[in-house]
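Visitor: Pasting the sequence and the predicted coordinates here, then a few questions.
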Amino acid sequence: MRELGVNTWVWTSPLTDASAPDLLRRIAGMGFDAVELPLETAGDLTVAALADVLAETGLRPYVVGAMAPGRDLVDAACVGDTQDYLRACIDLAAGIGARSVCGPFYAATGRVWRMDAGEREAAYDAVRTHLAPVVDHAVAHGVRLGVEPLNRYETSLVNTVDQALTALAPLLGEGLGLALDSYHLNIEERSSADAVRSAGEHLVHVQVCGSDRGAPGGDQTDWPALVAALDDVGYGGPLVIESFTADNASIATAASIWRPLAPTQDDLARDGLAFLRSLPARRTP
């Protein structure tokens, strides 16, 4: 059976040592198997604060990063601090037993600029060069990075699976793969299912939500085709609901959440979980 999880961004931002325990208990009480923990700033979350509540709830943890303004592997002025931040994400993941750290680890989310073919290749070369030591750190700590393509409104650098494979090709392997989000796939790919198949063995992590960024289910996404493609490539990781609350000004602005996506955030999580539970169980070879 697939692990089903939810990102704490559904309810709050930032997640901290103080807010995490009660929220994780709430998530476990809803019946989720896993939780995505966003580390927005190094030090917001610590192994000491999370270990006991993860053991208590039985939730499997996954860590996600946030490429806030000033975090960038293309802009040379930002590289050192960005690498340090990504290492902090990896260290947290290793400390709590999370298998992956995922996010759009190439440029600040929201930074868009036009590029010709040569400029794009130069940007990809900068990302490869500056991500390589971070990948080495991940391998040394038994963690795999998943780099996430984003839609055209959030980045102009990596929008599709094919672009991600091109940009990251020399680094893909034990320490690095792709993280895919059904929301971005729905905008940028001609076929979400075919994009999953293109990612293939490099697929590390999958986030899901409705095509409106709300709960998965009852939306325009072809869910049977998407989960069949995940089965086809042998994906054994979780499906994690990533959505956001309109009640937090900073996260609502960053994610363009201008209206409530469900009567309550608990409803969004519960309805999404019920739908994901209704999907066909993962096929076995």
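Guide: Arrived safely. These numbers were taken from a predicted model, which means no experiment stands behind them.
Visitor: And residue 125, how far from residue 172?
Guide: The spacing between residue 125 and residue 172, counted by Cβ to Cβ, to the nearest Å, is 15 Å. In short, each C-beta sits where N, CA and C put it, glycine included.
Visitor: just residue 14 next, same as before
Guide: Counting by Cβ to Cβ, the gap from residue 14 to residue 172 is 30 Å.
Visitor: Check residue 115 too.
Guide: Residue 115 sits 22 Å away from residue 172, going by Cβ to Cβ.
Visitor: for residue 65, what are its contacts?
Guide: Counting by Cβ atoms under 8 Å, 6 or more residues apart in numbering, residue 65 makes contact with 38-39, 85-86, 89, 101-103, 105.
Visitor: Narrow these to those in strands?
Guide: Cross-referencing these against strands under DSSP state E gives 38-39, 101-103.
Visitor: how many other residues sit next to residue 15?
Guide: Taking other Cβ atoms under 10 Å as the criterion, the count of residues near residue 15 is 23.
Visitor: Just give me the neighbour total for the spatially closest residue to it that is not a sequence neighbour.
Guide: Leaving aside its sequence neighbours, residue 15 sits nearest to residue 8 (Cβ to Cβ, 6 or more residues apart in numbering; 4.8 Å). Using other Cβ under 10 Å, the number of residues around residue 8 comes to 21.
Visitor: can I assume residue 8 is in contact with residue 36?
Guide: Yes. Taking contacts as Cβ atoms under 8 Å, residue 8 lies within contact range of residue 36: 6.8 Å.
Visitor: which residues do those two both contact?
Guide: With Cβ under 8 Å, 6+ apart, residue 8 and residue 36 have no common neighbours.
Visitor: Low-confidence stretches in the chain?
Guide: Residues of the chain meeting the criterion pLDDT under 70: 283-285.
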